[in-house]
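S.K.: need coordinates for the following:
(4 chains)
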Protein chains: 2
Amino acid sequence: MKLLDIGEITERSGIRPSTLRYYEEVGLIQSASRHGLRRQYEPQILTRLALITLAKTGGFSLTEIAGIFSEEEQLQIPRDQIRERADLIDQQIKELAILRDALRHVADCPAPSHMECPSFQRLLKTTGKRKPAKRKPPTK
Amino acid sequence: MKLLDIGEITERSGIRPSTLRYYEEVGLIQSASRHGLRRQYEPQILTRLALITLAKTGGFSLTEIAGIFSEEEQLQIPRDQIRERADLIDQQIKELAILRDALRHVADCPAPSHMECPSFQRLLKTTGKRKPAKRKPPTK
DNA sequence: ATGCAACTTCAAGTCAACTTGAGGTCAAGT
DNA sequence: ACTTGACCTCAAGTTGACTTGAAGTTGCAT
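M.R.: Have a look, this model is predicted:
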């Protein structure tokens, strides 16, 4: 089982070294060992990173992600809360489908003001008052 | 056509007054007029706010949202770029479906370490290297 | 043995998106 | 006429998620 160093992980995951170190700092990931100073990672970290990236897309904060996918017991979130999260994601998927359709409408509808276009209005009919999901900033 | 004041908008949209003023400041929305000092909004702002909330869920920055849904011509983003965005959302929907399934797995699978569970691995098989979508922080 | 690219640490900086607080205004009800 | 509560402005503060920069270390190819 050979270990990878941080440059390798960066290349395969698309996540910058500084970010990987930051993730380690906040307890999201660990390196398996060191080779001199250098962090050595097990290849399976890549799966974990994919998961983390995914969860960020889902609007989870790093703290929440740590809670959900932690191996350490004291950090873990109860199962039914996780199930609730899954349902929330499901809801989010539905909303994104609306957004996607709204965008396609905006791209295709010749009307100058979409806000007043009746078929546009209809699209958004289902979208009500919602507390926004948690989000985080770009990686440029 | 009666106008609503900011408290009304807050109540119906779930968006705080400070946020509404901030949105106005950055050009995302406008108030129709003032009653004394007080902002007066047309009811259709609610649709617009729903759309903004939706787009944030989709990971758009406020600047991007302004570009996509602006009535002002000079801010507008070309149609084919919007179509691309829609396709991106579609991709995001697929990834979120994976995340949802992964969460359900974590909630239900008795294995202590999901990272090593083969059926969990399989779930994430399709998720590769991806540049993260743009995100923004929570509203507490 | 030497050079250097690829790592390292640590503190400070950045950025978007808000929030907070102090101090002020004003319309409407009593 | 007065009080009150809902609004206002403007500057400064906060938070999460990173990034940057300076200064140091080290495995490895030459």
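
S.K.: rest of the way, CA atoms for contacts and neighbours
M.R.: Noted.

S.K.: stretch A:51-67 close to DNA strand D?
M.R.: Yes - with C-alpha under 7 Å from any atom of the strand as the criterion, DNA strand D is reached by stretch A:51-67 at A:60-63.

S.K.: just those residues now: which is nearest residue B:49?
M.R.: When the residues of stretch A:51-67 next to DNA strand D are ranked by distance to residue B:49 (C-alpha to C-alpha), residue A:60 comes first, at 22.1 Å.

S.K.: quick one: that closest one from DNA strand C, how far?
M.R.: When C-alpha to the nearest atom of the strand, to the nearest Å is the yardstick, residue A:60 and DNA strand C sit 15 Å from each other.

S.K.: residue A:90 too?
M.R.: From residue A:90 over to DNA strand C (counting by C-alpha to the nearest atom of the strand), the distance is 21 Å.

S.K.: tell me the helices and strands packed up against the longest helix seen in chain A.
M.R.: Ranked by residue count, the top helix of chain A under DSSP state H comes out as helix A:79-108. Contacting helix A:79-108 under the criterion 3 or more C-alpha pairs under 8 Å, 6 or more residues apart in numbering or on different chains; DSSP states H and E are the following elements: helix A:118-124, helix B:45-57, helix B:79-108.

S.K.: just the C-alphas of the second one, formatted as PDB.
M.R.: What it means is helix B:45-57. Written as PDB, here are the backbone C-alpha positions of helix B:45-57 (Å, rounded to 0.1, in the frame of the first residue of the first chain):
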ATOM      1  CA  ILE B  45     -40.400  41.500  -5.400                       C
ATOM      2  CA  LEU B  46     -41.300  38.300  -3.500                       C
ATOM      3  CA  THR B  47     -41.000  36.200  -6.700                       C
ATOM      4  CA  ARG B  48     -37.700  37.800  -7.400                       C
ATOM      5  CA  LEU B  49     -36.500  37.000  -3.900                       C
ATOM      6  CA  ALA B  50     -37.600  33.400  -4.300                       C
ATOM      7  CA  LEU B  51     -35.500  33.300  -7.400                       C
ATOM      8  CA  ILE B  52     -32.500  34.800  -5.600                       C
ATOM      9  CA  THR B  53     -32.800  32.300  -2.800                       C
ATOM     10  CA  LEU B  54     -33.000  29.600  -5.300                       C
ATOM     11  CA  ALA B  55     -30.000  30.700  -7.200                       C
ATOM     12  CA  LYS B  56     -28.000  30.900  -4.000                       C
ATOM     13  CA  THR B  57     -28.900  27.300  -3.300                       C
END
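
S.K.: what angle separates the helix or strand just after that helix from helix B:45-57?
M.R.: Next along the chain after helix B:45-57, taking DSSP states H and E as the criterion, comes helix B:62-69. Using axes from the mean of the first three to the mean of the last three C-alpha atoms, to 10 degrees, the inter-axis angle of helix B:62-69 relative to helix B:45-57 is 120 degrees.

S.K.: next one: phi and psi at the residue nearest to residue A:30 when sequence neighbours are not counted?
M.R.: Once its chain neighbours are removed from consideration, residue A:30 has its nearest residue in residue A:24; the separation is 5.5 Å (C-alpha to C-alpha, 6 or more residues apart in numbering or on different chains). With angles defined as degrees, to the nearest 10, residue A:24 sits at phi -70, psi -40.

S.K.: for residue A:24, give me the pLDDT.
M.R.: The model reports residue A:24 with a pLDDT of 97.

S.K.: same check on the one 10 residues further on?
M.R.: Reading off the per-residue confidence, residue A:34 sits at a pLDDT of 96.

S.K.: mind listing what the helix or strand where it lies pairs with, with the direction of each?
M.R.: Taking DSSP H and E as the definition, residue A:34 sits inside strand A:33-35. Under the criterion DSSP bridges, strand A:33-35 sits next to strand A:38-41 (antiparallel) in its sheet.

S.K.: thanks again, I'm all set now.
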